[in-house]
Structure formats: structure tokens, C-alpha cells
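Asker: What would the 3D arrangement of this be:
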Amino acid sequence: MVRLSICVALTAALCGAAHAIDYRWTTGFAQGTVEAIIRNAAGSSVNIYCPSGQATTTPGMFVEVGRVKPKKDEAVDIQVIVGRENHPFVLQEIQFEAAGRGFYNSLYRLIDALSQAKGRTFAVEFPKYRIAETFSLRDAKRSLGSARDFLSGCEI
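Answerer: Model (predicted):
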């Protein structure tokens with residue numbers, strides 16, 4: 001009887017410790033750079049950053065997907081699909097730098113689209129690889145705010 005009680009208690013404790021992972025946008029600030037990051041169940045991530053406290057204040061984003069392994073300095077076309085809007089970017093390996101007015105405006109529009117989206121998810125497509133990853137929009141508005149605020153202090 002005692003063994004049965006111990007087994008039941010141990011099983012209940014182990015089952016209670018298993019929690020579902022909640023994929024949502026988070027914000028961080030370190031060494032003069034603010035970042036908004038989302039990960040998905042596949043281990044992929046989108047990281048939008050503004051290094052306003054750095055010597056170089058060019059904002060940008062990193063997109064890391066395990067199934068896409070770009071070569072050194074490879075240009076990788078992506079499309080970020082938010083609702084019915086398509087936001088095309090060219091990554092250098094896994095990074096997009098918003099250097100220049102056109103690139104800055106593209107990042108600005110993406111941030112506003114993500115923070116104002118009515119849906120629950122957005123997608124990042126890699127046409128060359130025929131791969132798409134889906135990410136949550138949960139807490140995007142809280143983490144990104146408006147593009148104007150998020151990119152405050154970053155160069156145009």
C-alpha cells in the first residue's frame with residue numbers, strides 16, 4: 001500500500017511538472033540594443049533589433065530557421081506574411097540591416113504590421129528553399145509597440 005501511494009505521488013509530481021511552452025514575443029535590452037524576439041516550436045526565431053545605444057545605430061533583424069543553412073555571405077530572399085500583407089527582405093545569411101531610407105522604411109512597415117495585426121500568427125517564407133515557418137503574434141504589440149517608438153534613436 002505504501003509503495004502504491006509513493007508511485008501515485010511520484011507520477012502526479014512528474015506529470016504536474018510538464019508544462020506547455022508558450023511561444024510569445026519578448027523584449028530585451030542589453031549593451032545599448034533593444035530586441036524583440038519570437039521563437040516557434042521548431043526552434044526558429046525572428047529577432048528585430050535597434051542598437052540606439054551603440055556606435056553604429058543601424059536597426060535590423062535576424063531570422064534563424066534550422067532547415068535553412070545559408071552559405072557565408074549568401075543573399076537569402078524571404079517574405080514575411082502578416083495578414084494579407086507581404087513584406088519582402090533580403091538577408092545576408094541570417095541578417096537584414098536597414099541601412100538606408102528604403103530598407104529602414106521596410107523594417108518600419110513590418111514592425112507596425114506585426115504590432116497592429118489582428119490575426120494570431122504570421123509566416124516567414126523562404127521561396128528558394130520552399131520552406132515556410134509560422135510564428136505567434138502573441139504579445140507583439142506589447143513587445144514592439146509602434147515602429148516609431150521601437151526604432152527611436154536608430155538611424156535612417
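
Asker: Would you mind confirming that Thr26 makes contact with Arg142?
Answerer: No: using CB atoms under 8 Å, Thr26 and Arg142 do not qualify as a contacting pair, with a distance of 9.5 Å. (Each C-beta comes from the backbone N, C-alpha and C, glycine too.)

Asker: what do the two both touch?
Answerer: Residues touching both Thr26 and Arg142 by CB atoms under 8 Å, 6 or more residues apart in numbering: none at all.

Asker: Which residues outside stretch 64-75 are in contact with it?
Answerer: Outside stretch 64-75, the residues that touch it by CB under 8 Å, 6+ apart are 42-45, 47, 76, 90-94, 124, 126, 129, 131, 133.

Asker: Just give me the closest of these to Ala36.
Answerer: Nearest to Ala36 among the contacts of stretch 64-75: Asn47, at 7.4 Å, using CB to CB.

Asker: now the closest one: how far from Arg130?
Answerer: 24 Å (CB to CB, to the nearest Å).

Asker: And the two? Which one has more around it.
Answerer: A count of neighbours by other CB atoms under 10 Å puts Asn47 above the other of Asn47 and Arg130, at 17 against 7.

Asker: Lys71 - how many residues pack around it?
Answerer: Neighbour count for Lys71, taken as other CB under 10 Å: 8.

Asker: Can you show me the helices along the chain?
Answerer: Under the criterion DSSP state H, helices of the chain are mapped to 2-17, 101-116, 140-144, 147-150.

Asker: if you average pLDDT over the first one, what comes out?
Answerer: Think helix 2-17. What helix 2-17 shows for mean pLDDT is 41.

Asker: same check, this time on the last one
Answerer: On average, the pLDDT along helix 147-150 is 96.

Asker: What is that helix packed up against?
Answerer: Applying 3 or more CB pairs under 8 Å, 6 or more residues apart in numbering; DSSP states H and E, one finds that helix 147-150 contacts helix 101-116.

Asker: Which positions in the helix it packs on come out as buried?
Answerer: Neighbour counts over helix 101-116 (16 or more other CB atoms under 10 Å) mark 103-104, 106-108, 110-115 as buried.

Asker: buried residues in stretch 136-148?
Answerer: Residues 136-137, 139-140, 143-145, 147 are the ones in stretch 136-148 that count as buried (16+ other CB under 10 Å).

Asker: Stretch 61-74 now?
Answerer: By neighbour count with 16+ other CB under 10 Å, stretch 61-74 contains the buried residues 61-65, 68, 70.
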